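Novice: Sequence plus predicted model, see below.
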Amino acid sequence: MSDEDYSKLKDKVAASGQGKTEEPNIKHSEISIRQQEPKSGGPAIITEKSGTVRPDRQFPEYAMVIRDKINAKYEHQGTFLEIQSSIMQEAIRSAFSEHSQLDVRADPIIFQKPYYPLFQRRDKIKKIAEAALTSNDEMRKTHFKWLLKFMDDSFQELEIIHKSQVVKGLIEFKHVQMIFASGGILVGEENGLQECVILHDISDILEDKQKGGNYVKLRAFRWQYNGTMFGPSLKKIRLDEFSAARQITELDYYPIEALSKEKREKLFETLIERGKKWCETVEVIDGKHYKYNGK
């Protein structure tokens, strides 16, 4: 049974009034904390937004922990969302089920701000949450209301960028990670021929200390033939920083969703036909040796 089927079945049971969810430790929606690594070493200093020092590092009474990490040099290392609610985790695992490279099996599930992966799958998560809100399981309904509110509050800026740029086929480099979802199909070129690859992951924005400027690294999988074997291989792609907003389809590699439906269908037809022609030129002998007929 897939995660999605399991989630639907659980929601159906909850709607019938049976199988109530139990989360006895969680009493509150979220807490924002600051984690400071001391210069002298030793355990980190945890403080709440109010300034109250917390002796413990765990907060089991909260569904979500928003943790600002500060290193010993007082440099901000990032803001991390830790999802502790098993109800929320279930929805996220269902939405991300086909993308094993994203560590959604962990407990807690952690995303770094600005939470691009969550934003990319917000519609799937909202659909799961909205279905749960019709059930008779009050605890599930409460947890999903908390999650939806967090997403609404956290995604306001991303929604503006999406509507003002991505919907219009544009993207600025500082937001380029927004359009690259793990598991998505990318379109690019190699040796003058278009190809499609499957995105594994994308890095943070990196600094090129030798040449200057910034860039991001993408790792993708594609089918490739090395003269002996035919199978998936890892392809590393570098996208260098660009000024101002750029047409998404002008990037060296870009999500296939940036193409119109007609262009996507035409591309698939071209790639399938190319693959058939390649197969026609190769004859497999004993599963190892290949004979080219010159076509």
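Specialist: Thanks, I have it.

Novice: For the nearest residue to His76 once chain neighbours are set aside, give me its contacts.
Specialist: Once flanking residues are discounted, His76 sits nearest to Ile70: 5.9 Å by C-beta to C-beta, 6 or more residues apart in numbering. Every C-beta, even on glycine, is put in place using the N, C-alpha and C of the backbone. Ile70 sits next to 34-37, 76-77 when contact means C-beta atoms under 8 Å, 6 or more residues apart in numbering.

Novice: one more time with 10 Å, if that's ok
Specialist: Residues in contact with Ile70, defined by C-beta atoms under 10 Å, 6 or more residues apart in numbering, are 34-37, 44-45, 76-78.

Novice: cool, Arg264 as well?
Specialist: 185, 187, 196, 256-258.

Novice: Let me know the helix or strand that it is in.
Specialist: helix 261-280 (DSSP states H and E).

Novice: Rounded mean pLDDT for that helix, please.
Specialist: Average pLDDT, helix 261-280: 90.

Novice: Stretch 72-89 too?
Specialist: Averaging pLDDT along stretch 72-89 yields 93.

Novice: same question, stretch 143-150
Specialist: Here the average pLDDT along stretch 143-150 is 96.

Novice: All the strands of the stretch 151-295 of the chain, in order from the start?
Specialist: Using DSSP state E, counting those that start in this stretch, the strands of the stretch 151-295 of the chain run over 170-171, 185-190, 193-202, 206-207, 214-225, 230-240, 246-247, 253-255, 282-285, 289-292.

Novice: Which stretches in this structure count as helices?
Specialist: Under the criterion DSSP state H, the chain contains helices at 3-15, 86-95, 116-120, 122-132, 138-154, 156-164, 261-280.

Novice: where are the low-confidence patches of the chain?
Specialist: 1-24, 55-57, 98-101, 282-295 (pLDDT under 70).

Novice: Nearest the middle, which residue of it would you pick?
Specialist: Central residue of the chain (C-alpha atoms, centre = their mean): Pro117, 3.0 Å from the mean position.

Novice: how close does that one sit to Ile202?
Specialist: 10 Å (C-beta to C-beta, to the nearest Å).

Novice: got the contact list for the nearest residue to Ala129 once chain neighbours are set aside?
Specialist: Closest residue in space to Ala129, ignoring its immediate chain neighbours: Phe144 at 4.1 Å, by C-beta to C-beta, 6+ apart. Shown in contact with Phe144 (C-beta under 10 Å, 6+ apart): 85, 87-88, 91, 125-126, 128-133, 135, 137.

Novice: Likewise for Gln247?
Specialist: 168-171, 254, 258.

Novice: Report the beta-bridge partners for it.
Specialist: Beta-bridge partners of Gln247, counted by DSSP bridges, are Leu170.

Novice: count of residues packed around the nearest residue to Tyr116 once chain neighbours are set aside?
Specialist: Once flanking residues are discounted, Tyr116 sits nearest to Gln177: 5.1 Å by C-beta to C-beta, 6+ apart. Other residues near Gln177 come to 20 when the count uses other C-beta atoms under 10 Å.

Novice: One more: Gln165?
Specialist: Gln165 - counted by other C-beta under 10 Å - has 18 other residues nearby.

Novice: list the contacts for the closest residue to Pro114 other than its chain neighbours?
Specialist: Residue nearest to Pro114 in three dimensions, not counting chain neighbours: Leu158, with 6.2 Å by C-beta to C-beta, 6+ apart. Neighbour list for Leu158: 114-116, 118-120, 122, 151, 166, 175, 178 [criterion: C-beta under 10 Å, 6+ apart].

Novice: And Met178, by the same measure?
Specialist: For Met178, the contacting residues are 114, 116, 119-120, 158, 161-162, 165-166, 171-172, by C-beta under 10 Å, 6+ apart.

Novice: burial measure for Glu172, as a count.
Specialist: If we define neighbours as other C-beta under 10 Å, then Glu172 has 14 of them.
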